[in-house]
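Participant: need coordinates for the below:
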Amino acid sequence: MIRRFPKLHAGRAKAIVSEWKGLDADALKQQSRTLPEIAREKFAATGIRKISADELATFRNQIEDAATSAGYPAKSLAVRQQVDTAIAVRLAQMDLPEGEMLRPEVWTWIAVHLMPHIVHWRFSKDTGEVKEERYLGILQRNALGRLWLRGKVFDRGEEVEDRWGLVDGISEDATVAILERTSVAGDWRLARVIGEAWLDAKRNGMAADDLLRDAVIRARISFAITELGTYNDEDLKTTIEECIHVALARKVHSLTN
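Facilitator: Numbers count the residues shown, from 1 in each chain. Alright, predicted model coming up:
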């Protein structure tokens, strides 16, 4: 779906979201059934063809179908994790234009106008409150933008049999630690290899979530000395695994002294 998506700036989104106090996911879902007039929405001035209202409705339906197949609207932690994975994979498979999808304002429009009910279901507290950043935050914090990024970055490629194993296996904490660090998230190959190293560490019984942030800092220091382009994926992974083991040794030392 190579189309130009509408944008919604944070100030306008904030005003809309502020009017939703007291509404639950069901009410927001009904509200999203009628799409805003596409002709009145803000698009980039030039570029690929604008997406139509029908195409936006299809896009929304595909995401809702992926969520429903994974257990939505049940509210257990396991279902939320399964829905995250299902949506991330579906978004990554849609062939969405990366230039458009890297714009936070695009995901703000999608979260506010197309799928506010999904955002509310995923991130509402017991009080019904949802942090504004889940609608209008940066890409890594937007409830749906973060899943597109996760699917794209951790996609192993069509030639790999277990293509989505990393998307499915990586934890929310690890995803945040990797993708919210701009020096890592800016290099998708590096981010993916760090994810693979994390997954191996987890399989080997390490407290990988606790070690990852320290390991990523050490890896970036190492890669600041040597150009990343000189590393193949295996070399990258070896270096990152070494950083994880150093982080583990430091943690053990701090606990025993």
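Participant: and for the closest residue to F5 other than its chain neighbours, the neighbour number?
Facilitator: Excluding its sequence neighbours, the residue lying closest to F5 (Cβ to Cβ, 6 or more residues apart in numbering) is V106, at 4.7 Å. Bear in mind the C-beta positions are built from the backbone N, C-alpha and C, glycine included. For V106, the neighbour count with other Cβ atoms under 10 Å is 26.
Participant: tell me the SS of V106?
Facilitator: helix (DSSP: H, G, I helix; E, B strand; the rest coil).
Participant: the stretch 101-250 of the chain: helices as residue ranges?
Facilitator: Under the criterion DSSP state H, counting those that start in this stretch, the stretch 101-250 of the chain contains helices at 104-109, 116-123, 133-136, 145-153, 165-169, 172-179, 182-185, 188-203, 208-225, 233-256.
Participant: export these to JSON lines and tack on distance to K50 and mean pLDDT?
Facilitator: Listed next are the helices of the stretch 101-250 of the chain as JSON lines, based on distance: least, Cβ to Cβ, whole Å; pLDDT from 0 to 100:
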{"stretch": "helix 104-109", "distance to K50": "12", "mean pLDDT": "95"}
{"stretch": "helix 116-123", "distance to K50": "22", "mean pLDDT": "96"}
{"stretch": "helix 133-136", "distance to K50": "22", "mean pLDDT": "97"}
{"stretch": "helix 145-153", "distance to K50": "19", "mean pLDDT": "97"}
{"stretch": "helix 165-169", "distance to K50": "30", "mean pLDDT": "97"}
{"stretch": "helix 172-179", "distance to K50": "29", "mean pLDDT": "91"}
{"stretch": "helix 182-185", "distance to K50": "28", "mean pLDDT": "80"}
{"stretch": "helix 188-203", "distance to K50": "27", "mean pLDDT": "90"}
{"stretch": "helix 208-225", "distance to K50": "39", "mean pLDDT": "78"}
{"stretch": "helix 233-256", "distance to K50": "38", "mean pLDDT": "82"}
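Participant: which pLDDT value goes with I38?
Facilitator: pLDDT, I38: 51.
Participant: kindly report the same for H9.
Facilitator: 91.
Participant: then V160?
Facilitator: With respect to pLDDT, V160 has a value of 96.
Participant: who touches the most centrally placed residue in the chain in this structure?
Facilitator: The residue lying closest to the centre of the chain (Cα atoms, centre = their mean) is R146, at 2.1 Å. R146 is in contact with L139, Q140, T175, L179, counting by Cβ atoms under 8 Å, 6 or more residues apart in numbering.
Participant: now the two most distant members of those.
Facilitator: Spatial extent of the contacts of R146 (Cβ to Cβ) is set by the pair L139 and T175 at 12.6 Å.
Participant: comparing these two, which residue is more hemmed in?
Facilitator: Using other Cβ under 10 Å, the more surrounded residue of L139 and T175 is T175, with 23 against 20.
Participant: give me the nearest residue to that one, chain neighbours excluded.
Facilitator: Leaving aside its chain neighbours, T175 sits nearest to R150 (5.6 Å; criterion: Cβ to Cβ, 6+ apart).
Participant: does the one you found really touch G169, like I thought?
Facilitator: No - look at R150 against G169 with Cβ atoms under 8 Å: they stay out of range, at 11.7 Å.
Participant: higher neighbour count, these two?
Facilitator: Higher neighbour count among R150 and G169: R150, with 28 against 17, using other Cβ under 10 Å.
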